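Trainee: Quick check, what structure comes out for this input:
(one chain, ligands or ions: 1)
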Amino acid sequence: MKHFISWFYVVIMAFLMMACQNEDANATVPSGGNPTDTKTLIVYYSYTNNTKQIVDDLKSFIDADVIQVEPVNKNLDYAANNYVVGTEQLSKIKNNPNDESSYPEIDDVSVDLSKYNTVIIATPLWWSQMASNMQTFLFKYGKEMEGKNVGLIVSSHSSGISGVEADAKRLVPNCKFFAKSLWINASKHSQRKSLLEQWLKDIDYSNLTSNIMNTMYLKVNNNTMKVTLSDNAATRALVERLKEGVITYNAHDYSGFEKVGALGFSLPSADSYITTEPGDIMLYTGNQLCVFFDNNSWDYTPIGKIEEMNKQQLEDVFGDGDVSITLSLEEAAGLVSIFAKHEDIAKGIYTLKGHKLDKAPANGMYIENGVKKIKR
Ligand SMILES: Cc1cc2nc3c(=O)[nH]c(=O)nc-3n(C[C@H](O)[C@H](O)[C@H](O)COP(=O)(O)O)c2cc1C
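Mentor: You can find the predicted model right below:
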């Protein structure tokens with residue numbers, strides 16, 4: 001009974017605080033970004049372990065790295081004196097949300113967000129807002145999540161989560177929020193497994209993460225080239241196989257316009273009559289891959305296209321006769337070796353796709369005189 005009265009008070013207070021807030025209940029879904037990696041990161045904070053239990057169960061459904069946010073000060077009793085510490089911390093943030101000193105200090109987390117294209121944030125709700133320690137993490141790292149898919153899981157006693165969604169939107173600008181957040185309140189905490197399973201289905205998690213895998217790498221004769229993948233059942237199945245490891249197959253010349261070879265397994269094909277262009281990669285009879293240097297018209301399923309390579313460059317790189325071809329999802333170190341072969345484009349500044357630039361970009365990766373560089 002005491003518990004109920006205390007939470008009744010908490011919920012009323014939260015309602016009053018929210019009334020003063022200029023909130024936006026709907027998390028938006030901006031577009032943009034071109035991620036090349038499907039890795040997922042789960043980042044969570046948990047004071048009384050409810051969120052931790054949710055994350056533990058989530059890990060049984062998806063493949064993801066996990067980091068836990070911890071406050072530097074481990075001795076704070078957030079529930080003492082009617083939750084006064086949490087209240088004070090949240091008021092400080094609210095009064096000055098752009099000032100780093102408003103946020104409680106958290107332990108250092110060494111996380112390289114560039115490795116992930118999907119981040120799932122799991123947090124308790126405090127006074128209808130995002131728990132302050134999680135806000136600190138997002139204040140520090142939220143901008144690095146630009147363009148990524150971001151999901152939000154909120155654990156509360158009973159309050160609704162629109163205030164937490166508004167905090168996430170403020171702290172993680174320009175990301176692609178999942179179509180809906182997952183709210184697990186105290187009365188549903190015991191059903192968290194089935195709620196997680198349903199949420200992953202609702203947001204089409206597996207399709208979302210395999211759809212956004214739109215790049216693979218093709219290595220031949222020590223040259224590694226970037227391939228932009230088509231989006232179809234064949235490429236999704238190929239990506240699933242590549243997640244287990246690289247695929248190497250032998251290919252031979254055919255009619256002077258392609259290298260073709262058997263993969264050793266079949267992919268789901270949906271052939272149509274296509275006229276190929278240099279750089280096109282096609283699936284033929286469901287189990288052979290053809291790399292085209294020139295035009296040919298036949299029934300194929302598109303797999304992808306080698307970027308920025310013309311007929312002559314492709315012929316130089318693939319050479320005459322039988323070759324071993326390796327497909328992978330990882331950007332290989334040999335990417336710049338293509339440039340070394342073509343002296344005319346080796347000098348100067350280029351994007352990773354080979355577009356020539358007048359000067360180095362303000363930030364991001366580029367190639368200068370054949371050497372890959374990063375500006376932050
Ligand atoms: C400082 C503080 C404030 C809270 N405020 C609310 C609230 O406004 N509404 C609510 O339903 N629950 C509130 N709660 C309860 C938590 O959201 C809930 O117990 C949650 O499951 C805790 O997650 P955790 O175990 O991972 O820390 C609050 C808890 C704390 C510690």
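
Trainee: Show me which residues of the chain sit near the ligand.
Mentor: Proximity of the chain to the ligand, by Cβ under 6 Å from any ligand atom, involves residues 10-11, 14, 46-51, 78-79, 83, 86, 124-128, 155-159. (Each C-beta comes from the backbone N, C-alpha and C, glycine too.)

Trainee: Can you tell me which of those residues are buried?
Mentor: 10-11, 14, 46-47, 50-51, 78, 83, 86, 124-128, 155-157, 159 (16 or more other Cβ atoms under 10 Å).

Trainee: what about Asn295, neighbour count?
Mentor: Applying other Cβ atoms under 10 Å, we find 12 residues neighbouring Asn295.

Trainee: what sits against it?
Mentor: 257, 275-277 (Cβ atoms under 8 Å, 6 or more residues apart in numbering).

Trainee: Mind giving me the ChimeraX command for buried ones among those?
Mentor: Command for ChimeraX, covering only those of the contacts of Asn295 found buried under the criterion 16+ other Cβ under 10 Å:
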select :257,276
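
Trainee: closest to Thr118 among the contacts of Asn295?
Mentor: Nearest to Thr118 among the contacts of Asn295, counting by Cβ to Cβ, is Glu277 at 32.5 Å.

Trainee: mind checking the SS state of that closest one?
Mentor: Here Glu277 is recorded as coil under DSSP: H, G, I helix; E, B strand; the rest coil.

Trainee: So what does the nearest residue to Asp294 once chain neighbours are set aside look like in phi/psi?
Mentor: Leaving aside its sequence neighbours, Asp294 sits nearest to Phe257 (Cβ to Cβ, 6 or more residues apart in numbering; 3.8 Å). When read as degrees, to the nearest 10, the backbone of Phe257 gives phi -120, psi 0.

Trainee: measure Phe257 to Ile349 for me?
Mentor: Phe257 sits 33 Å away from Ile349, taking Cβ to Cβ, to the nearest Å as the criterion.

Trainee: need the contact list for the closest residue to His157 other than its chain neighbours.
Mentor: Distances taken as Cβ to Cβ, 6+ apart put Ala186 closest to His157, at 4.8 Å, once the chain neighbours are dropped. Contacts for Ala186 were tallied using Cβ under 8 Å, 6+ apart; they are 50, 156-158.
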